[in-house]
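1. Just to be clear, the model below is a prediction. Sequence and coordinates:
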Amino acid sequence: MSVNDLLDFVFRWAHLVAGIMWIGNSMLFNWLDRNLVKAAAGEGNPLSQGKIWMVHSGAFYEVEKKLLAPGEMPTPMHWFKWQNGITWMTGISLLVVVYYMNGAAFLVDPQVRALGASTAISLSVGSLTLGWVVYDLLWRLWGERAPRLLTALSLLLLLLAAYGYTLLFSGRAAYLQTGVLMGTIMTGNVWMRIMPSQRQLIAATQEGRPQDVLLSQRAKQRSIHNNYMTFPLLFIMLSNHFSSLYGHHLRWGLLVLVMVGGSGVRHFMNVRYDRKPWLAPALTMGGLTLLGLMLMTRLHAPTLAPASKEIGFARAQEIIVQRCLSCHSSHPTDAMFPVAPVGVLFDTPERIAAMAPRILERAIITRTMPFLNRTQMTEQERADLSAWIKNGAKLQ
């Protein structure tokens with residue numbers, strides 16, 4: 001295992017564990033907020049925002065959300081911050097290890113845009129920084145006066161960023177870059193807006209001053225933003241497994257569809273706590289998203305040129321050996337892939353024929369193979385492979 005592979009393994013595992021903890025906590029506290037039972041008017045602690053009883057792990061839990069009276073500071077005080085911090089730091093580390101190192105090979109696709117490694121990395125880093133600055137400035141200036149308008153504008157800017165990434169980077173990198181942008185905004189919300197508000201609330205309590213309710217409201221607003229980005233971000237974390245999406249010529253539209261659909265489903269899951277109808281709308285939103293994906297992925301790119309002649313296996317094998325065997329063999333010669341990716345091998349005619357449906361999907365329909373077309377497969381070669389497969393992928 002190379003150093004690069006080892007770093008990929010360590011950071012990816014830590015990213016997964018921390019992400020589960022962060023998203024799990026986020027969903028739990030969102031559920032708590034929406035299920036608190038408030039005391040009747042004139043009863044109970046006026047600083048209380050509600051209580052809830054739960055049963056878990058063989059006992060009962062009583063949880064109350066409230067502001068504190070001046071000077072009333074319990075110890076110890078538990079914070080929920082490092083799950084998010086570690087998730088973001090390991091995610092950025094993965095971005096560096098996978099997409100920035102090795103000459104930005106995974107980041108740049110010459111068929112999309114021929115960028116130099118330093119240019120591509122600068123665009124990646126700069127857009128993440130700019131994205132947070134623009135988002136935060138908008139919500140700091142007008143978040144309390146025009147939240148609905150800013151919500152629509154923020155969504156539009158995010159979708160435009162996703163579209164822009166598909167014009168700059170490889171399909172796989174464009175999806176991940178969109179996810180990193182969302183994760184960066186969410187992390188900025190936690191560390192630069194939510195936690196400072198919590199520190200000010202604690203300081204006021206310790207100093208014997210009344211707590212500013214507006215601080216809680218501002219922190220909650222950013223927390224809600226993070227909540228709605230959760231489902232789209234979870235998809236993007238797994239998106240490198242879906243070449244039929246990131247490799248599609250309409251990849252930006254598919255990403256937009258998943259992002260809008262995912263946040264829509266999350267919305268209806270949220271409103272169920274307000275005793276509003278939610279299951280049917282959520283299922284409808286999810287169904288429409290899946291239907292949209294099915295229909296859009298069937299809109300193929302312009303038809304390939306016709307095969308140069310009747311194609312037999314000898315011609316198909318010639319193309320596979322020249323364009324694919326450097327990675328997909330028992331002993332790859334491409335230094336970037338010391339082991340055949342996902343175990344796909346083309347060492348024998350039988351293996352090539354058995355993988356014909358996958359070759360059709362990856363090399364012809366989505367054109368995600370060869371990887372970033374490192375071996376320069378031509379359009380005519382793709383057409384010849386397509387003709388051989390559609391003629392039955394025979395070995396004669």
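-> That came through fine.

2. The stretch 51-200 of the chain: helices as residue ranges?
-> 82-94, 101-104, 117-142, 147-168, 171-188, 195-206 (DSSP state H, counting those that start in this stretch).

3. Which of those helices sits closest to E350?
-> Proximity to E350 (Cβ to Cβ) singles out helix 171-188 among the helices of the stretch 51-200 of the chain, at 29.8 Å. C-betas here are computed from N, CA, C, even on glycine.

4. picking up where we left off before, just the helices of the stretch 51-200 of the chain: most buried one?
-> helix 171-188 (a mean of 24; mean count of other Cβ atoms under 10 Å).

5. That helix relative to helix 82-94, how many degrees between them?
-> Here the directions of helix 171-188 and helix 82-94 differ by 150 degrees (axes from the mean of the first three to the mean of the last three Cα atoms, to 10 degrees).

6. quick one: average pLDDT of helix 171-188?
-> Averaged across helix 171-188, pLDDT comes to 95.

7. Can you show me the CA trace of that helix as PDB?
-> Output in PDB follows, covering the C-alpha atoms of helix 171-188 (Å, rounded to 0.1, in the frame of the first residue of the first chain):
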ATOM      1  CA  GLY A 171     -17.800  14.800 -13.600                       C
ATOM      2  CA  ARG A 172     -16.800  12.900 -10.400                       C
ATOM      3  CA  ALA A 173     -14.900  15.900  -9.100                       C
ATOM      4  CA  ALA A 174     -17.700  18.400  -9.900                       C
ATOM      5  CA  TYR A 175     -20.100  16.400  -7.700                       C
ATOM      6  CA  LEU A 176     -17.500  16.200  -4.900                       C
ATOM      7  CA  GLN A 177     -16.600  19.800  -5.200                       C
ATOM      8  CA  THR A 178     -20.300  20.700  -4.800                       C
ATOM      9  CA  GLY A 179     -20.500  18.600  -1.700                       C
ATOM     10  CA  VAL A 180     -17.300  20.100  -0.200                       C
ATOM     11  CA  LEU A 181     -18.800  23.600  -0.800                       C
ATOM     12  CA  MET A 182     -21.900  22.600   1.100                       C
ATOM     13  CA  GLY A 183     -19.900  21.000   3.800                       C
ATOM     14  CA  THR A 184     -17.700  24.100   4.100                       C
ATOM     15  CA  ILE A 185     -20.800  26.300   4.500                       C
ATOM     16  CA  MET A 186     -22.200  24.000   7.100                       C
ATOM     17  CA  THR A 187     -19.000  23.900   9.000                       C
ATOM     18  CA  GLY A 188     -18.700  27.700   8.800                       C
END
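
8. Which among the helices of the stretch 51-200 of the chain is found nearest to Y228?
-> Using Cβ to Cβ, the nearest of these to Y228 is helix 147-168, at 8.9 Å.

9. and G50, that one's in a strand?
-> Yes: with DSSP: H, G, I helix; E, B strand; the rest coil as the criterion, G50 is assigned to a strand.

10. partner residues bridging it?
-> G50 forms beta bridges with K65, as assigned by DSSP bridges.

11. G44 is in contact with that one, correct?
-> No: between G50 and G44 there is no contact under Cβ atoms under 8 Å: 9.5 Å.

12. Go through the helices of the stretch 51-200 of the chain and name the closest to H241.
-> Closest approach to H241 among these is made by helix 171-188 (10.0 Å; Cβ to Cβ).

13. so what does the closest one touch, helix or strand wise?
-> In terms of contacts (3 or more Cβ pairs under 8 Å, 6 or more residues apart in numbering; DSSP states H and E), helix 171-188 is packed against helix 82-94, helix 117-142, helix 147-168, helix 213-237, helix 243-246, helix 251-271.

14. redo that, cut-off 6 Å
-> Judged by 3 or more Cβ pairs under 6 Å, 6 or more residues apart in numbering; DSSP states H and E, helix 171-188 is in contact with helix 82-94, helix 117-142, helix 147-168, helix 213-237, helix 243-246.

15. distance between it and the chain's centre?
-> Distance of helix 171-188 from the chain centroid (Cα atoms, centre = their mean, to the nearest Å) equals 6 Å.

16. got the angle for it vs helix 117-142?
-> Between helix 171-188 and helix 117-142, the angle comes out at 40 degrees (the same axes, to 10 degrees).

17. Contacts made by helix 171-188 with the rest, please.
-> The set of residues external to helix 171-188 that reach it, using Cβ atoms under 6 Å, 6 or more residues apart in numbering, is 84, 88, 91, 95, 99, 106-107, 128, 131-132, 135, 162, 165-166, 226, 229, 233, 236, 239-240, 246-247, 251.

18. Export the helices of the stretch 51-200 of the chain as a markdown table, with columns for distance to G392.
-> Converted to a markdown table, these look like this (distance: least, Cβ to Cβ, whole Å):
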| stretch | distance to G392 |
| --- | --- |
| helix 82-94 | 42 |
| helix 101-104 | 39 |
| helix 117-142 | 42 |
| helix 147-168 | 35 |
| helix 171-188 | 30 |
| helix 195-206 | 62 |
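
19. between the ones you listed, which one is nearest to V256?
-> helix 147-168 (5.2 Å).

20. contacting residues for the residue nearest the centre of the chain?
-> Nearest to the geometric centre of the chain sits I236, at 2.3 Å (Cα atoms, centre = their mean). By Cβ under 6 Å, 6+ apart, I236 lies in contact with 175, 179.

21. in the stretch 1-150 of the chain, which ranges drop under the pLDDT threshold?
-> Low-confidence segments of the stretch 1-150 of the chain (pLDDT under 70): 1, 42.

22. Just confirm P281 contacts N270, I think it does.
-> No: P281 is beyond contact range of N270, at 11.4 Å (criterion: Cβ atoms under 6 Å).

23. Can you name the residues in contact with stretch 44-60?
-> 35-38, 61-67.

24. By neighbour count, which of the residues you listed wins?
-> L67 (18 neighbours; other Cβ atoms under 10 Å).
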